[in-house]
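Engineer: how does the following fold in three dimensions:
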Amino acid sequence: GTRFGEPVPHFLGIGAMRAGSSWLARVLREHPEIWLPPLKELHYFDTLDRRRHGRKLPRRRYGRHLKWRLRSNLRRPARRLVWDLRYFIGEQNDRWYRSLFAAAARRGYTVGEITPAYAVLSPEGVRHVRSLNPAVKLIYILRDPIERTWSEAVRALCRKRNRRVEDTPPDEFLHWFHRGRGRSKSQYAATLATWEAEFPPEQLLIGFFEEIRTEPAALVSRVCSFLEVGPFPQIESSRLTRPQNVAAGQSPIPPVLEHACAEAFLPDLQALTRRFGPESYPAEWLARAERALREAR
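Structural biologist: Numbers count the residues shown, from 1 in each chain. Okay, the predicted model is just below:
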């Protein structure tokens, strides 16, 4: 499974979760030189990572995906049915994973996948990614960690349970934050240290969620240049800016959760501000966290 002798995939979107990965996948699918799998998130490396560390495996997504793909295949080319058979029936190992990209790579596409859970892989998991393709390019979009955590909390405790934010007690959000793994998904400096221990800076593109809101075309152009594909053909700006998977809506974060997040993320935000500078988005996130801590005193 190579293109011009290169291992596949050529790129990975590694997160962050709730930070625009669905938007990125939707946009990149429209580029004539880029191929993404029919399913947005393959969850290969993080499933292996969970198994490696004895953690509970997520419920298989096969049932939901299979129904969607069966409906889709009634209107799609036969080659997509071949991909589905390989994905759903094949034994999950490195050879199987590479085979999911091989046909598209042979046709000359730049191939990749986007699974936000990859951001928080263990060092062993990141080394596994490197073993498959040392030259793989990585796209990591960051979002204000307090906002990212709130978005994930709303999705986990409200949307998935079909209830309104205002009907969920603030202490329930706080309990979710302290007992779950959501905290590590927002600690970007630690994540960057893990990935940069294995990959050089030129193989990592860091974007910001605010760019999707304010200058999406510029971010798309930067991604295309990073992936070494041609500039995007004519694309409607409305399609670039259309929100996707917006969970929290306009509901404000409960002060008790905002304070807990600010306290937990302060060291990470200080490190990010040192890295990106006082005029950066992380500096704005740090100022917001410091303000939340002052107001709680």
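Engineer: which residues touch the lengthiest helix in the chain?
Structural biologist: In the chain, ranked by residue count with DSSP state H as the criterion, the top helix is helix 255-276. Applying CB atoms under 8 Å, 6 or more residues apart in numbering, the external contacts of helix 255-276 come out as 142, 145-146, 149-150, 153, 170-171, 173-174, 177-178, 183, 186-190, 253, 280, 282-283, 285-286, 288-290, 292-293, 295-296. In short, each C-beta sits where N, CA and C put it, glycine included.
Engineer: again, but for stretch 179-188
Structural biologist: 15-17, 116, 119-120, 140, 142, 145-146, 148-149, 152-153, 156, 176-177, 190-191, 261, 264-265, 268, 272.
Engineer: out of those, list just those in helices.
Structural biologist: Short answer: the contacts of stretch 179-188 in helices (DSSP H) are 145-146, 148-149, 152-153, 156, 176-177, 190-191, 261, 264-265, 268, 272.
Engineer: any of those residues buried? List them.
Structural biologist: 145-146, 148-149, 152-153, 176-177, 191, 261, 264-265, 268, 272 (16 or more other CB atoms under 10 Å).
Engineer: format the residues you listed as a markdown table; extra columns: pLDDT and distance to P7.
Structural biologist: Putting these into a markdown table (pLDDT from 0 to 100; distance: CB to CB, whole Å) gives the following:
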| residue | pLDDT | distance to P7 |
| --- | --- | --- |
| P145 | 95 | 33 |
| I146 | 95 | 38 |
| R148 | 93 | 31 |
| T149 | 93 | 35 |
| E152 | 90 | 32 |
| A153 | 90 | 38 |
| W176 | 89 | 39 |
| F177 | 89 | 39 |
| T191 | 95 | 23 |
| C261 | 95 | 39 |
| A264 | 94 | 37 |
| F265 | 96 | 35 |
| D268 | 96 | 32 |
| L272 | 97 | 31 |
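Engineer: including distance to Q203, could those go into a markdown table?
Structural biologist: Shown next, in a markdown table, are these (distance: CB to CB, whole Å):
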| residue | distance to Q203 |
| --- | --- |
| P145 | 24 |
| I146 | 29 |
| R148 | 24 |
| T149 | 28 |
| E152 | 27 |
| A153 | 32 |
| W176 | 34 |
| F177 | 32 |
| T191 | 15 |
| C261 | 30 |
| A264 | 29 |
| F265 | 26 |
| D268 | 22 |
| L272 | 20 |
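Engineer: what is the most widely separated pair among these?
Structural biologist: Farthest-apart pair in those is W176 and L272; separation 23.9 Å (CB to CB).
Engineer: name the residues of stretch 182-199 that are buried.
Structural biologist: 182-183, 185-189, 191-192, 194-195, 198-199.
Engineer: which non-adjacent residue is nearest V126?
Structural biologist: E198 (5.1 Å; CB to CB, 6 or more residues apart in numbering).
Engineer: hmm, that neighbour is touching R130, no?
Structural biologist: Yes. Using CB atoms under 8 Å, E198 is in contact with R130, at 4.8 Å.
Engineer: got the contact list for A19?
Structural biologist: 116, 141-143, 148, 209.
Engineer: which among these gets closest to P32?
Structural biologist: Once CB to CB is applied, the member of those that ends up nearest P32 is I141, at 22.7 Å.
Engineer: and H10, how many neighbours?
Structural biologist: Neighbours of H10 under the rule other CB atoms under 10 Å: 22.
Engineer: with adjacent residues omitted, what lies nearest to it?
Structural biologist: Nearest to H10 is T110, by CB to CB, 6+ apart, at 5.1 Å.
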